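In: turn this into a model:
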Amino acid sequence: MTKKTSIILVFAVLIVCLLNIPGYALNLRFNIMYNQKHPLSRDAFAPWAKQVKEVTDGRVKVTMFYSNALFKPKAAMDSIISRVGDIGIVLPVYDSNRLMLSSVMDQPMIAGEKALKNSEVLWQLYTTEPEMQTEFKDVKVLWAYMNPAFQLHFSKKEVKGLADLENTIISAGGATQTHLLRLLGASPEAMPMVEVFLAMQKGVIEGCFLPYAPLRSQKIADLLKYHTNANLMAVSFFVTINKKAWDKISPEDQKAIESISGLNAARKCGQVFDNAQQKDTTWMLEKGDSFYSLTPEQKQSWALKIKPVRDKWIQAAKEKGYTSPDKVMEKAISLFAQ
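Out: Numbers count the residues shown, from 1 in each chain. The predicted structure is shown next:
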């Protein structure tokens, strides 16, 4: 046996011994898409990590990696499966082929204004729809949450109906958003969010299609005056953990972690989002902004306009072999109505 081989063997034995020492903490690496100062990082994820340590008496520790330090959101599912990171946030919008049914709440005018309610409904859907659970069979889902709905925001014109929206140039962040705005009669201009401020400042666009959350932090709110609350869409997020990492946790500690995750964590994330939005919209109101919310009749009219986007999603899901995606969508809508 060579000296090098002997050293490697000694280190291997030491590692095995360490892993079997009573009280040894299993360290889980949590890749977070937000920076450390983001409300969700500060008020939801960091407190959850602290709770994990407390409820497991220090046997499980969570180390945070902010701003996608371990992997990018589009690679989240594969990175968690291959354990580039132990825990991460998976977005169906970035993995639609694999997580099509789990994107049901991302479809136009399904989710509502409040992230708390959106998150509760998403978690209820996930825990009662076997086909959604099957999509995450290669990982363990700890909880799910949603953001508040995307709204329409304008610099110089007030939009109170479809006639006001006609031919208005609005920024859009992707193919679905572009299609949706076009169906409503607007003229969408595809661009990433980081370009919205400059485009609006130069008069290239008249408005933007975003949640309230980034408007103030990105300085876009400084250029805005009018807001139309139409609850056009929202985004789903699933906090997942690598299965092998989860299986290393004792059944007792798994149960303890689940008690602070699931619906409790979903509600916490939703409430943090809503609190941040309330703070920002109050600031916008104080600076003189105007807010208009669609009437129930207008919501029905707008929903009919965007129906082709929903129909396209249902048809695509059926072609992929899902049993009743239309009924899952109806269930989501009915849960909001309750």
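In: where does residue 129 land on pLDDT?
Out: pLDDT for residue 129: 97.
In: can you tell me the closest non-neighbouring residue to it?
Out: residue 328 (6.0 Å; Cβ to Cβ, 6 or more residues apart in numbering). Yep, even glycine has a C-beta here, placed from its N, CA and C like the rest.
In: give me the contact list for the helix or strand containing the one you found.
Out: Counting by DSSP states H and E, the element that carries residue 328 is helix 325-337. Contact partners of helix 325-337, identified using Cβ atoms under 8 Å, 6 or more residues apart in numbering, comprise 100-101, 104-105, 107, 110-112, 117, 121, 124-125, 129, 131-132, 310, 313-314, 317-318.
In: stretch 281-300 now?
Out: 109, 158-161, 212, 215-216, 221, 224-231, 302.
In: if we go to 7 Å?
Out: By Cβ atoms under 7 Å, 6 or more residues apart in numbering, the residues outside stretch 281-300 that reach it are 158, 160-161, 212, 216, 221, 224-230, 302.
In: what does stretch 213-220 give?
Out: 147, 153, 193, 196-197, 200, 208, 221, 224, 273, 276-277, 280, 283.
In: for burial, what's the neighbour tally of residue 56?
Out: 20 (other Cβ atoms under 10 Å).
In: now it. Nearest residue, chain neighbours left out?
Out: residue 253 (4.4 Å).
In: list the helices and strands the one helix or strand the one you found maps to packs on?
Out: Assigning secondary structure by DSSP H and E places residue 253 in helix 251-259. Packing partners of helix 251-259 (3 or more Cβ pairs under 7 Å, 6 or more residues apart in numbering; DSSP states H and E): helix 46-55.
In: mind listing what's buried along stretch 311-318?
Out: 313-314, 317 (16 or more other Cβ atoms under 10 Å).
In: was I right to think residue 256 contacts residue 55?
Out: Yes: between residue 256 and residue 55 there is a contact under Cβ atoms under 7 Å: 4.0 Å.
In: so who does the closest residue in space to residue 148 that isn't next to it in sequence touch?
Out: Among residues not flanking residue 148 along the chain, residue 115 sits closest, at 4.6 Å (Cβ to Cβ, 6+ apart). Neighbouring residues of residue 115 by Cβ under 7 Å, 6+ apart: 146-148, 270, 273-274.
In: from those residues, which land in strands?
Out: residue 146 (DSSP state E).
In: what is the lowest-pLDDT residue among the contacts of stretch 213-220?
Out: residue 193 (90).
In: surely that one and residue 173 touch.
Out: Yes: using Cβ under 7 Å, residue 193 is in contact with residue 173, at 6.4 Å.
In: between these two, tell me which one has more neighbours.
Out: Neighbours were counted for residue 193 and for residue 173 using other Cβ under 10 Å; residue 173 has more, 17 against 14.
In: give me the phi and psi for that one.
Out: Taking degrees, to the nearest 10, you get phi -100, psi 0 for the backbone angles of residue 173.
In: likewise for residue 39?
Out: According to degrees, to the nearest 10, residue 39 has phi -50, psi -40.
In: pull the number of nearby residues for it.
Out: By other Cβ under 10 Å, neighbour count at residue 39 equals 16.
In: what does residue 297 give?
Out: Residues near residue 297, counting by other Cβ under 10 Å: 8.
In: SS state for it?
Out: The three-state assignment at residue 297 reads helix, by DSSP: H, G, I helix; E, B strand; the rest coil.
In: can you tell me how far it is from residue 336?
Out: To residue 336, residue 297 is 18 Å away according to Cβ to Cβ, to the nearest Å.
In: quick one: end-to-end length of stretch 217-236, please.
Out: 21 Å (Cα to Cα, to the nearest Å).
In: can you pull out the low-pLDDT segments for the stretch 201-338 of the chain?
Out: Counting by pLDDT under 70, the stretch 201-338 of the chain shows no low-confidence range.
In: re earlier: just the contacts of helix 325-337: which are in helices?
Out: Those of the contacts of helix 325-337 mapping onto helices are 117, 121, 124-125, 131-132, 310, 313-314, 317-318, per DSSP state H.
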